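[1] My questions concern the predicted model and sequence given below.
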Amino acid sequence: MTKAFPLDLQVERSLEHQETLAQALADLQARCDTQGSAEEWVWRYEGGGGFHIGASVMVHGDEVGPLMGLLDVIEALEQGRLPYVGRFTCFLGNPRAATQGVRFTEEDLNRAFKVCEDGDPVSYESKRAQALLPILDEFDLYLDLHQTILPVAQPFYICPWSVTSWRWARLMGGAQAWVTRHPQRGGGGLACAHAWVAKRGKPSLALELGALGFSPESRAAVWRSLSRAFKAVNSLYPVGGKLPQTTLEQLAHAQPDLAFYETSERVSFKDPLMSLAPGWVNFSPVQAGQLLSDPEVGPLIMSPTTGAVLFPKYPPRGAQGEALDPRPSELFRVVTPLHEHPTKLWSDVD
(Lines give C-alpha, C1' and ligand atoms only; values in the text may rest on other atoms or scores of the structure.)
Protein backbone atom coordinates (compact mmCIF):
# COMPACT_ATOMS: atom_id res chain seq x y z
CA MET A 1 0.00 0.00 0.00
CA THR A 2 1.27 3.48 -0.88
CA LYS A 3 2.35 5.45 2.18
CA ALA A 4 0.43 8.69 2.77
CA PHE A 5 2.33 11.85 3.69
CA PRO A 6 1.16 14.21 6.44
CA LEU A 7 -1.10 16.95 5.08
CA ASP A 8 1.35 19.77 5.75
CA LEU A 9 4.08 17.91 3.84
CA GLN A 10 1.64 17.26 0.99
CA VAL A 11 0.94 20.99 0.76
CA GLU A 12 4.65 21.82 0.88
CA ARG A 13 5.42 19.34 -1.87
CA SER A 14 2.51 20.61 -3.93
CA LEU A 15 3.81 24.18 -3.76
CA GLU A 16 7.31 23.01 -4.65
CA HIS A 17 5.86 21.03 -7.56
CA GLN A 18 3.95 24.06 -8.85
CA GLU A 19 7.00 26.30 -8.68
CA THR A 20 9.21 23.73 -10.41
CA LEU A 21 6.63 23.17 -13.14
CA ALA A 22 6.08 26.89 -13.73
CA GLN A 23 9.82 27.49 -14.11
CA ALA A 24 10.29 24.46 -16.39
CA LEU A 25 7.39 25.51 -18.62
CA ALA A 26 8.74 29.05 -18.78
CA ASP A 27 12.19 27.72 -19.75
CA LEU A 28 10.72 25.62 -22.56
CA GLN A 29 8.37 28.35 -23.78
CA ALA A 30 11.26 30.82 -23.99
CA ARG A 31 13.03 28.44 -26.37
CA CYS A 32 9.92 27.99 -28.56
CA ASP A 33 9.33 31.50 -29.91
CA THR A 34 6.39 30.50 -32.12
CA GLN A 35 3.37 31.44 -30.04
CA GLY A 36 0.07 31.18 -31.88
CA SER A 37 1.48 29.16 -34.78
CA ALA A 38 1.44 25.46 -35.70
CA GLU A 39 4.96 25.29 -34.26
CA GLU A 40 3.83 26.45 -30.81
CA TRP A 41 5.78 24.72 -28.03
CA VAL A 42 7.99 22.99 -30.62
CA TRP A 43 11.81 23.08 -30.38
CA ARG A 44 14.07 22.10 -33.27
CA TYR A 45 17.76 21.25 -33.62
CA GLU A 46 19.61 20.90 -36.92
CA GLY A 47 22.84 18.93 -36.70
CA GLY A 48 23.54 18.75 -40.41
CA GLY A 49 22.42 15.20 -41.15
CA GLY A 50 19.15 13.85 -42.41
CA PHE A 51 18.06 11.36 -39.73
CA HIS A 52 15.29 12.95 -37.69
CA ILE A 53 14.53 11.97 -34.08
CA GLY A 54 11.34 13.23 -32.46
CA ALA A 55 10.29 13.28 -28.83
CA SER A 56 7.24 14.52 -26.96
CA VAL A 57 6.37 15.26 -23.36
CA MET A 58 3.08 16.10 -21.65
CA VAL A 59 0.73 14.79 -24.31
CA HIS A 60 -1.19 14.40 -21.06
CA GLY A 61 -0.84 17.72 -19.30
CA ASP A 62 -0.28 16.32 -15.80
CA GLU A 63 2.59 13.99 -16.82
CA VAL A 64 5.32 16.45 -15.89
CA GLY A 65 8.20 14.12 -15.02
CA PRO A 66 9.91 13.81 -18.43
CA LEU A 67 9.98 17.59 -18.91
CA MET A 68 13.13 18.14 -16.82
CA GLY A 69 15.05 15.47 -18.71
CA LEU A 70 14.02 17.00 -22.01
CA LEU A 71 15.23 20.43 -20.88
CA ASP A 72 18.57 18.83 -19.92
CA VAL A 73 18.89 17.46 -23.46
CA ILE A 74 17.91 20.78 -25.07
CA GLU A 75 20.43 22.71 -22.98
CA ALA A 76 23.21 20.22 -23.74
CA LEU A 77 22.52 20.45 -27.48
CA GLU A 78 22.45 24.25 -27.34
CA GLN A 79 25.77 24.35 -25.51
CA GLY A 80 27.46 21.74 -27.71
CA ARG A 81 27.94 19.32 -24.81
CA LEU A 82 25.93 16.58 -26.55
CA PRO A 83 27.32 15.83 -30.02
CA TYR A 84 24.64 14.99 -32.57
CA VAL A 85 24.83 15.05 -36.36
CA GLY A 86 21.13 14.55 -37.11
CA ARG A 87 17.91 16.47 -36.66
CA PHE A 88 15.92 16.59 -33.43
CA THR A 89 12.46 17.98 -32.84
CA CYS A 90 10.64 17.87 -29.52
CA PHE A 91 7.33 19.30 -28.45
CA LEU A 92 5.06 19.74 -25.46
CA GLY A 93 1.85 17.98 -26.43
CA ASN A 94 -0.89 19.73 -24.52
CA PRO A 95 0.29 23.17 -23.34
CA ARG A 96 -3.17 24.32 -22.24
CA ALA A 97 -3.65 21.28 -19.99
CA ALA A 98 -0.04 21.59 -18.79
CA THR A 99 -0.50 25.16 -17.62
CA GLN A 100 -3.79 24.21 -15.93
CA GLY A 101 -2.29 21.14 -14.25
CA VAL A 102 -4.86 18.73 -15.71
CA ARG A 103 -4.68 15.67 -17.96
CA PHE A 104 -6.66 17.35 -20.74
CA THR A 105 -9.16 20.19 -21.10
CA GLU A 106 -11.85 18.85 -23.45
CA GLU A 107 -10.77 15.43 -24.71
CA ASP A 108 -7.77 13.11 -24.39
CA LEU A 109 -5.12 14.39 -26.81
CA ASN A 110 -3.61 10.92 -27.04
CA ARG A 111 -6.86 9.72 -28.66
CA ALA A 112 -7.02 12.58 -31.17
CA PHE A 113 -4.14 11.89 -33.59
CA LYS A 114 -6.26 11.05 -36.61
CA VAL A 115 -7.61 12.64 -39.75
CA CYS A 116 -10.78 14.59 -38.97
CA GLU A 117 -13.59 13.00 -40.98
CA ASP A 118 -16.49 15.18 -39.84
CA GLY A 119 -15.17 18.55 -40.85
CA ASP A 120 -12.97 20.88 -38.87
CA PRO A 121 -11.72 19.84 -35.42
CA VAL A 122 -13.82 21.19 -32.58
CA SER A 123 -12.00 20.68 -29.29
CA TYR A 124 -8.74 22.31 -28.31
CA GLU A 125 -7.05 18.90 -28.19
CA SER A 126 -8.32 17.96 -31.64
CA LYS A 127 -6.99 21.22 -33.09
CA ARG A 128 -3.66 20.66 -31.35
CA ALA A 129 -3.41 17.13 -32.78
CA GLN A 130 -4.07 18.43 -36.30
CA ALA A 131 -1.26 20.96 -35.87
CA LEU A 132 1.14 18.25 -34.69
CA LEU A 133 0.40 15.62 -37.36
CA PRO A 134 2.68 17.19 -40.01
CA ILE A 135 5.49 17.31 -37.45
CA LEU A 136 5.01 13.65 -36.56
CA ASP A 137 5.23 12.86 -40.27
CA GLU A 138 8.82 14.15 -40.33
CA PHE A 139 10.25 11.67 -37.83
CA ASP A 140 12.50 8.69 -38.58
CA LEU A 141 12.32 7.69 -34.91
CA TYR A 142 9.80 8.86 -32.32
CA LEU A 143 9.87 8.59 -28.53
CA ASP A 144 6.59 9.48 -26.77
CA LEU A 145 7.33 10.07 -23.08
CA HIS A 146 4.60 9.41 -20.53
CA GLN A 147 3.91 8.73 -16.87
CA THR A 148 1.31 6.56 -15.16
CA ILE A 149 -1.29 7.83 -12.72
CA LEU A 150 -0.17 5.32 -10.04
CA PRO A 151 3.35 4.15 -9.14
CA VAL A 152 5.05 1.45 -11.18
CA ALA A 153 7.22 -1.44 -10.10
CA GLN A 154 9.34 -0.76 -13.21
CA PRO A 155 9.26 1.58 -16.22
CA PHE A 156 7.95 0.01 -19.43
CA TYR A 157 7.45 0.54 -23.12
CA ILE A 158 3.90 -0.03 -24.35
CA CYS A 159 3.31 -0.19 -28.10
CA PRO A 160 2.92 -2.74 -30.91
CA TRP A 161 5.84 -4.94 -31.95
CA SER A 162 8.35 -3.91 -34.58
CA VAL A 163 11.86 -5.30 -35.03
CA THR A 164 13.33 -1.86 -35.66
CA SER A 165 11.49 -0.34 -32.70
CA TRP A 166 12.78 -3.21 -30.53
CA ARG A 167 16.36 -2.49 -31.54
CA TRP A 168 15.99 1.20 -30.74
CA ALA A 169 14.25 0.44 -27.43
CA ARG A 170 17.01 -1.97 -26.43
CA LEU A 171 19.70 0.49 -27.46
CA MET A 172 18.19 3.46 -25.61
CA GLY A 173 17.60 1.59 -22.35
CA GLY A 174 14.64 3.66 -21.20
CA ALA A 175 13.06 0.53 -19.70
CA GLN A 176 13.74 -3.18 -19.43
CA ALA A 177 10.13 -4.27 -19.98
CA TRP A 178 7.88 -3.96 -23.01
CA VAL A 179 4.13 -4.56 -23.09
CA THR A 180 3.56 -5.33 -26.74
CA ARG A 181 1.40 -7.12 -29.30
CA HIS A 182 1.33 -8.03 -32.97
CA PRO A 183 0.64 -4.76 -34.85
CA GLN A 184 -2.42 -6.23 -36.55
CA ARG A 185 -4.05 -7.38 -33.31
CA GLY A 186 -6.01 -5.39 -30.75
CA GLY A 187 -5.42 -1.77 -29.92
CA GLY A 188 -9.06 -0.74 -29.94
CA GLY A 189 -8.49 1.85 -32.67
CA LEU A 190 -6.86 4.29 -30.26
CA ALA A 191 -5.46 7.30 -32.11
CA CYS A 192 -2.21 7.73 -30.16
CA ALA A 193 0.70 9.84 -31.38
CA HIS A 194 3.08 6.89 -31.49
CA ALA A 195 0.54 4.86 -33.49
CA TRP A 196 0.36 7.62 -36.11
CA VAL A 197 4.14 7.43 -36.64
CA ALA A 198 4.15 3.63 -36.64
CA LYS A 199 1.56 3.58 -39.44
CA ARG A 200 4.19 5.23 -41.64
CA GLY A 201 6.52 2.28 -41.01
CA LYS A 202 8.82 4.26 -38.75
CA PRO A 203 10.09 3.06 -35.34
CA SER A 204 7.89 4.56 -32.66
CA LEU A 205 7.90 3.94 -28.91
CA ALA A 206 5.71 4.99 -26.00
CA LEU A 207 7.67 4.94 -22.76
CA GLU A 208 5.98 4.99 -19.33
CA LEU A 209 8.54 6.35 -16.87
CA GLY A 210 6.78 6.04 -13.52
CA ALA A 211 4.15 7.76 -11.45
CA LEU A 212 3.05 11.34 -12.04
CA GLY A 213 5.42 13.99 -10.78
CA PHE A 214 9.05 15.05 -10.96
CA SER A 215 11.64 12.41 -10.08
CA PRO A 216 15.37 11.88 -10.61
CA GLU A 217 14.59 8.53 -12.23
CA SER A 218 12.33 10.01 -14.93
CA ARG A 219 14.81 12.78 -15.60
CA ALA A 220 17.73 10.38 -15.95
CA ALA A 221 15.77 7.99 -18.18
CA VAL A 222 14.99 10.76 -20.69
CA TRP A 223 18.65 11.78 -20.83
CA ARG A 224 19.82 8.19 -21.16
CA SER A 225 17.33 7.36 -23.92
CA LEU A 226 17.95 10.40 -26.10
CA SER A 227 21.71 10.69 -25.60
CA ARG A 228 22.13 7.02 -26.57
CA ALA A 229 19.90 7.55 -29.61
CA PHE A 230 21.97 10.58 -30.68
CA LYS A 231 25.20 8.65 -30.24
CA ALA A 232 23.82 5.81 -32.34
CA VAL A 233 22.82 8.19 -35.16
CA ASN A 234 26.32 9.68 -35.11
CA SER A 235 27.69 6.20 -35.89
CA LEU A 236 24.93 5.02 -38.22
CA TYR A 237 24.46 8.18 -40.30
CA PRO A 238 27.73 10.17 -40.24
CA VAL A 239 27.88 13.37 -42.28
CA GLY A 240 30.55 14.50 -44.70
CA GLY A 241 30.55 11.38 -46.85
CA LYS A 242 31.89 9.17 -44.07
CA LEU A 243 30.86 5.50 -44.00
CA PRO A 244 28.70 4.10 -41.16
CA GLN A 245 30.78 2.73 -38.31
CA THR A 246 28.33 0.00 -37.28
CA THR A 247 24.75 -1.25 -37.69
CA LEU A 248 21.65 -0.72 -35.58
CA GLU A 249 21.51 -4.46 -34.92
CA GLN A 250 25.08 -4.47 -33.56
CA LEU A 251 24.43 -1.47 -31.33
CA ALA A 252 21.22 -2.97 -29.98
CA HIS A 253 22.74 -6.35 -29.24
CA ALA A 254 25.46 -4.68 -27.17
CA GLN A 255 22.73 -3.84 -24.61
CA PRO A 256 20.64 -6.20 -22.45
CA ASP A 257 17.45 -7.48 -24.04
CA LEU A 258 14.02 -6.61 -22.71
CA ALA A 259 11.39 -8.70 -20.95
CA PHE A 260 8.24 -8.92 -23.08
CA TYR A 261 4.64 -8.95 -21.89
CA GLU A 262 1.25 -8.96 -23.55
CA THR A 263 -2.15 -7.89 -22.27
CA SER A 264 -3.98 -11.12 -21.53
CA GLU A 265 -7.05 -9.73 -19.75
CA ARG A 266 -8.94 -6.43 -19.62
CA VAL A 267 -11.45 -6.20 -16.76
CA SER A 268 -14.19 -3.78 -17.72
CA PHE A 269 -15.74 -1.33 -15.25
CA LYS A 270 -19.24 -2.75 -15.73
CA ASP A 271 -20.53 -2.05 -12.22
CA PRO A 272 -20.02 1.37 -10.53
CA LEU A 273 -19.57 -0.45 -7.19
CA MET A 274 -16.55 -2.39 -8.48
CA SER A 275 -13.60 -1.31 -6.37
CA LEU A 276 -10.01 -2.49 -6.09
CA ALA A 277 -8.48 -2.87 -2.65
CA PRO A 278 -5.99 -0.10 -1.84
CA GLY A 279 -2.33 -0.51 -2.74
CA TRP A 280 -2.32 -1.99 -6.23
CA VAL A 281 0.24 -0.37 -8.54
CA ASN A 282 1.43 -1.02 -12.07
CA PHE A 283 3.25 -4.35 -12.42
CA SER A 284 2.10 -5.66 -9.03
CA PRO A 285 2.34 -9.47 -9.39
CA VAL A 286 -0.92 -11.44 -9.13
CA GLN A 287 -1.95 -15.09 -9.18
CA ALA A 288 -4.96 -16.50 -10.97
CA GLY A 289 -7.95 -16.36 -8.61
CA GLN A 290 -6.27 -13.90 -6.23
CA LEU A 291 -8.67 -11.48 -4.55
CA LEU A 292 -8.07 -7.94 -5.79
CA SER A 293 -11.00 -6.12 -4.20
CA ASP A 294 -11.91 -5.26 -0.63
CA PRO A 295 -14.31 -8.07 0.41
CA GLU A 296 -16.30 -5.57 2.47
CA VAL A 297 -16.76 -3.11 -0.41
CA GLY A 298 -18.63 -3.93 -3.60
CA PRO A 299 -18.54 -7.15 -5.63
CA LEU A 300 -15.63 -9.58 -5.32
CA ILE A 301 -12.97 -9.19 -8.01
CA MET A 302 -10.54 -12.02 -8.68
CA SER A 303 -7.52 -11.93 -10.95
CA PRO A 304 -8.52 -13.80 -14.12
CA THR A 305 -4.98 -15.07 -14.67
CA THR A 306 -1.44 -15.08 -13.31
CA GLY A 307 0.70 -12.13 -14.29
CA ALA A 308 0.92 -8.49 -13.25
CA VAL A 309 -1.65 -5.74 -12.77
CA LEU A 310 -1.48 -2.85 -15.21
CA PHE A 311 -3.31 0.50 -15.11
CA PRO A 312 -5.36 -0.11 -11.93
CA LYS A 313 -8.04 2.56 -11.47
CA TYR A 314 -9.19 4.33 -8.30
CA PRO A 315 -11.80 6.85 -9.47
CA PRO A 316 -13.60 9.27 -7.13
CA ARG A 317 -16.49 7.69 -5.22
CA GLY A 318 -19.93 8.87 -4.24
CA ALA A 319 -21.63 8.60 -0.85
CA GLN A 320 -22.72 5.02 -1.51
CA GLY A 321 -19.28 3.93 -2.73
CA GLU A 322 -20.18 4.12 -6.40
CA ALA A 323 -17.60 5.28 -8.95
CA LEU A 324 -18.53 8.74 -10.19
CA ASP A 325 -19.05 9.36 -13.89
CA PRO A 326 -17.37 9.51 -16.22
CA ARG A 327 -15.78 6.33 -14.91
CA PRO A 328 -13.04 4.53 -16.90
CA SER A 329 -14.03 1.78 -19.32
CA GLU A 330 -11.50 -0.56 -17.66
CA LEU A 331 -10.89 -1.22 -13.99
CA PHE A 332 -7.51 -2.84 -14.66
CA ARG A 333 -5.57 -5.10 -17.02
CA VAL A 334 -3.44 -8.16 -16.42
CA VAL A 335 -0.27 -8.59 -18.45
CA THR A 336 1.61 -11.89 -18.78
CA PRO A 337 5.10 -12.70 -20.07
CA LEU A 338 5.33 -13.83 -23.67
CA HIS A 339 6.18 -17.53 -23.87
CA GLU A 340 8.66 -16.88 -26.69
CA HIS A 341 10.65 -13.95 -28.01
CA PRO A 342 8.58 -11.71 -30.34
CA THR A 343 11.03 -12.34 -33.18
CA LYS A 344 9.92 -16.00 -33.08
CA LEU A 345 6.25 -15.38 -32.33
CA TRP A 346 5.79 -12.71 -34.98
CA SER A 347 8.40 -13.46 -37.61
CA ASP A 348 6.17 -11.84 -40.24
CA VAL A 349 6.73 -8.37 -38.72
CA ASP A 350 9.72 -6.31 -39.86
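    All right, it came through fine.
[2] Please enumerate the strands of the chain.
    42-46, 52-57, 87-92, 141-148, 156-158, 177-179, 204-211, 259-268, 284-286, 307-310, 330-337 (DSSP state E).
[3] Which one of those strands lies nearest to T247?
    strand 141-148 (15.2 Å; C-beta to C-beta). Every C-beta, even on glycine, is put in place using the N, C-alpha and C of the backbone.
[4] what mean pLDDT does the closest one have?
    Averaging pLDDT along strand 141-148 gives 97.
[5] do the same with stretch 193-207
    pLDDT averaged over stretch 193-207 gives 96.
[6] Give me the contacts around it.
    With contact meaning C-beta atoms under 8 Å, 6 or more residues apart in numbering, stretch 193-207 is reached by 54, 56, 59, 93, 110, 113-114, 132-133, 136-137, 139-146, 155-160, 162, 164-165, 167-169, 174-175, 183, 187, 192, 221, 225.
[7] What is the burial count for the closest residue to F156 other than its chain neighbours?
    Excluding the flanking residues, the one nearest F156 by C-beta to C-beta, 6 or more residues apart in numbering is A177, at 4.2 Å. The number of residues packed near A177 is 21, by other C-beta atoms under 10 Å.
[8] what sits against A177?
    154-157, 258-261, 283.
[9] how about 10 Å then?
    152-158, 208, 258-261, 283, 308, 335, 337 (C-beta atoms under 10 Å, 6 or more residues apart in numbering).
[10] and G213, what does it touch?
    13, 17, 20-21, 62-65, 147, 151.
[11] can you pick the most crowded of those?
    Neighbour-wise, the contacts of G213 (other C-beta under 10 Å) top out at E63, 28 neighbours.
[12] wait, A254 sits on K231?
    No: using C-beta atoms under 10 Å as the test, A254 is too far from K231 to be in contact (11.7 Å).
[13] What's the end-to-end length of stretch 38-46?
    Using C-alpha to C-alpha, to the nearest Å, the end-to-end distance of stretch 38-46 comes to 19 Å.
[14] My error: substitute stretch 198-209 in the last question.
    20 Å.
[15] how many other residues sit next to the closest residue to D108 other than its chain neighbours?
    Distances taken as C-beta to C-beta, 6+ apart put E125 closest to D108, at 7.0 Å, once the chain neighbours are dropped. E125 has 25 neighbours, counted by other C-beta under 10 Å.
[16] so who does E125 touch?
    59, 61, 93-94, 96-97, 104-113.
[17] what's the spacing between the nearest residue to C159 once chain neighbours are set aside and D144?
    The shortest distance from C159 to any non-neighbouring residue, by C-beta to C-beta, 6+ apart, is to A206 (4.8 Å). A206 is 5 Å from D144, where distance means C-beta to C-beta, to the nearest Å.
[18] Give me the neighbour count for A319.
    5.
[19] cool, E75 as well?
    13.
[20] any idea how far it is from R31?
    Counting by C-beta to C-beta - E75 and R31 are separated by 9 Å.
[21] Okay, now the unreliable bits of the stretch 51-200 of the chain?
    Residue ranges of the stretch 51-200 of the chain with pLDDT under 70: 186-189.
[22] coming back round to it: from the contacts of E125, list just the buried residues.
    59, 61, 93-94, 97, 104-105, 108-113 (16 or more other C-beta atoms under 10 Å).
[23] need those in TSV with distance to E265, can you?
    Converted to TSV, these look like this (distance: C-beta to C-beta, whole Å):
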residue	distance to E265
V59	26
G61	30
G93	30
N94	30
A97	31
F104	27
T105	32
D108	23
L109	27
N110	22
R111	22
A112	27
F113	27
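[24] Just the ones of these in helices?
    Using DSSP state H, the members of the buried ones among the contacts of E125 that fall in helices are A97.
[25] Quick test: name the residue nearest the centre of this structure.
    H146 (3.0 Å; C-alpha atoms, centre = their mean).
[26] which non-adjacent residue is nearest it?
    Using C-beta to C-beta, 6+ apart, the closest residue to H146 is E208 (5.1 Å).
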